[in-house]
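Chemist: missing the sequence, but the structure's below:
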């Protein structure tokens, strides 16, 4: 699966952005997907995960109630709706795919930068 994230940008605190990640490859619809975030000077961490059937399996506590992950298998796209953004949400956001029967996310897209100003 090849992935390409988009939708990042500069936004004021309290604003919203929707990230998209378009995919190519026949295993997209059967792959679990995830959004990761890497803040400046920090390690990359998972933000939200979603199964191949669209079940949200995890969301990091710091974004619960503000971020929503979803997918459209017909469009080979996964989304991350981000509301009530905070400066600490700043970072590079990556989408990743975990193929069926695999344990790790091996397919990664190039990140998209989100900057939240205070």
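Modeler: Now that the structure is in, tell me what you want to look at. Not measured: the values here are computed from a predicted model.

Chemist: lowest mean pLDDT among the helices and strands of this protein, which one is it?
Modeler: strand 56-59 (a mean of 85; mean pLDDT, DSSP states H and E).

Chemist: so what strands line up beside it?
Modeler: strand 44-50 (antiparallel) (DSSP bridges).

Chemist: now the partner strand: mean pLDDT?
Modeler: The average pLDDT for strand 44-50 rounds to 96.

Chemist: next: stretch 95-112.
Modeler: When pLDDT is averaged along stretch 95-112, the result is 94.

Chemist: coming back round to it: now the element after the least confident helix or strand of the chain, going C-ward?
Modeler: For strand 56-59, the succeeding helix or strand toward the C-terminus, using DSSP states H and E, is strand 67-72.

Chemist: the most centrally placed residue in the chain bridge partners, please.
Modeler: Nearest residue to the geometric centre of the chain (CA atoms, centre = their mean): residue 35, 2.6 Å. Per DSSP bridges, the residues bridged to residue 35 are residue 48, residue 95.

Chemist: I figured it was touching residue 18, is that so?
Modeler: No - counting by CB atoms under 8 Å, no contact exists between residue 35 and residue 18, whose distance comes to 11.7 Å. All C-beta atoms are positioned from the backbone trio N, CA, C, and that covers glycine.

Chemist: give me the common contacts of those two.
Modeler: Where contact means CB atoms under 8 Å, 6 or more residues apart in numbering, the residues bridging residue 35 and residue 18 through contact with each are residue 80.

Chemist: tell me how many other residues surround the nearest residue to residue 69 once chain neighbours are set aside.
Modeler: The spatial neighbour of residue 69 that comes closest, neighbours along the chain excluded (CB to CB, 6 or more residues apart in numbering), is residue 48 at 3.9 Å. If you count neighbours by other CB atoms under 10 Å, residue 48 ends up with 22.
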